[in-house]
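Chemist: Sequence and predicted model, in that order:
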Amino acid sequence: MDFPKINKWKFAFEWCVSTYFGLIRLYKYSSDWDKELNELIDNYWQSAHINYCTIQLEEQEVWVANAYYGYGNKYGNGKEKQRPSMKTMYRLASLHEYLKEKESQEKVVNRLKGIDNV
């Protein structure tokens, strides 16, 4: 079982608009980071959770704010920031949407149960 994917056309449109058709990108592409991020998504998507501007995948925080301009880089590593491929950004965006929906559903269930931890 994998998490559901977002609409590819919506993602492509948002990516084109936010990066001016790929001309404006905040960080350089890194094949090593792309491979590592795909492995993190594959292995830890079920235990992932959203922090304010990041997704926590095991011990690694991944930046998901500024979609898709500064999107998908290692957060807090103190080194030069690197970006994943567009395909990996799509997977990360799909995971982000899945986690937001899951978090929203959990809040509704907790409110119905009378648990207010918001």
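Modeler: Perfect, I can see it now. Numbering: from 1, shown residues only.
Chemist: And Glu106, how far from Leu95?
Modeler: 16 Å (Cβ to Cβ, to the nearest Å). (Glycine included, C-beta is placed from N, CA and C.)
Chemist: These two: which has the busier surroundings?
Modeler: Applying other Cβ atoms under 10 Å to Glu106 and Leu95 shows that Leu95 carries more neighbours, namely 25 against 12.
Chemist: Now do the contacts for the residue nearest the centre of the chain.
Modeler: Centroid-nearest residue in the chain, with Cα atoms, centre = their mean: Leu92, separated by 3.8 Å. Leu92 is in contact with Leu37, Ile41, Ile55, Val62, Val64, Tyr71, Gly72, Pro84, counting by Cβ atoms under 8 Å, 6 or more residues apart in numbering.
Chemist: Have a look at those and tell me the least confident one.
Modeler: Of all the contacts of Leu92, Tyr71 carries the smallest pLDDT score, 87.
Chemist: Name the SS class of that residue, please.
Modeler: Secondary structure state of Tyr71, per DSSP: H, G, I helix; E, B strand; the rest coil, is coil.
Chemist: mind listing what it touches?
Modeler: Trp63, Val64, Ala65, Arg83, Met89, Leu92, Ala93.
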